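Participant: Can you look at this prediction? I've put the sequence above it.
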Amino acid sequence: LDEVDAPLDDSNTVRYCDLVRKMSQSTQFLFITHNKITMEMAEQLIGVTMQEQGVSRVVAVDIEEAMKLNEDVAA
């Protein structure tokens, strides 16, 4: 799903996220978004960054693993 949440307001973005969450019980989703609300419901984030002109770098974050790491640091 490529930026399907772009035209949505926050309320409808939450509704969209709820629908994706329900459907993800039986279907895997790959979606592209710049919306923070949508990113927060993901299990994994994968980003592409370009710190140096012409050189792309893939950055992946497993949300559950990041939360555990954060708890360990806070403890």
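Facilitator: Nice, I can see it.
Participant: Quickly find the element holding the residue positioned nearest the centre of the chain.
Facilitator: Nearest residue to the geometric centre of the chain (C-alpha atoms, centre = their mean): residue 39, 3.0 Å. Here residue 39, judged by DSSP states H and E, is contained in helix 36-40.
Participant: Give me the contact list for the helix or strand just after that helix.
Facilitator: As assigned by DSSP H and E, the chain's next helix or strand after helix 36-40 is strand 44-52. Applying C-beta atoms under 8 Å, 6 or more residues apart in numbering, the contact partners of strand 44-52 are 39, 56, 57, 58, 59, 60, 61, 62, 63. In this view, the C-beta of every residue, glycine as well, is placed from N, C-alpha and C.
Participant: Just give the strands next to strand 44-52 in its sheet, each with its orientation.
Facilitator: Sheet pairing of strand 44-52 (DSSP bridges) gives strand 55-62 (antiparallel).
Participant: Quick check: chain neighbours aside, which residue is closest to residue 37?
Facilitator: residue 13 (4.7 Å; C-beta to C-beta, 6 or more residues apart in numbering).
Participant: What does the pLDDT read for residue 34?
Facilitator: Note on residue 34: pLDDT of 95.
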